[in-house]
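Colleague: What shape does this take:
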Amino acid sequence: MGGPELRDVLLAQVQMDLARCRDVLTAALASSEPSRDMNALRKTAHEVKGLSVTLGADSLADTAEQAEQACTVHDRTALAVLLPMLEAQTQQAGATLAALAAGD
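Modeller: Numbering: from 1, shown residues only. Modelled structure (predicted):
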């Protein structure tokens, strides 16, 4: 497997991973206490950071890193700002990947 076939497999996997991360972020935002499970949010932010670095999505990687750090120090004020940003940027990255995948 190589070339376009490998690209399609990788795009599909990254789309699925980003969608799963976005679901965690969406659930956290819908919760009455969005920063309750800091460890799960930290892991999700870390995963988004890794995926976005792989894609070259620097803005998303920066936001994810800030969210990861905020979770590490339990900075609920920063998370109140960062989680909606991270969710929106993750949504945008997923839409961009979907457009790339459909562009064959």
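Colleague: Where does pLDDT dip in this structure?
Modeller: For the chain, the stretches with pLDDT under 70 are 1, 34-36, 104.
Colleague: Would you map the helices across it?
Modeller: 3-30, 38-55, 58-72, 76-102 (DSSP state H).
Colleague: Adding mean neighbour count, write those out as JSON lines.
Modeller: All C-beta atoms are positioned from the backbone trio N, CA, C, and that covers glycine. As requested, those are arranged in JSON lines below (neighbours: other CB atoms under 10 Å):
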{"stretch": "helix 3-30", "mean neighbour count": "15"}
{"stretch": "helix 38-55", "mean neighbour count": "19"}
{"stretch": "helix 58-72", "mean neighbour count": "19"}
{"stretch": "helix 76-102", "mean neighbour count": "17"}
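Colleague: check contacts around the residue nearest the centre of the chain.
Modeller: The centroid of the chain falls nearest to residue 48 when counting by CA atoms, centre = their mean (3.6 Å). The neighbours of residue 48, taking CB atoms under 8 Å, 6 or more residues apart in numbering as the test, are 18, 21, 60, 64, 67, 86, 90.
Colleague: Having no further points to raise, I will conclude here.
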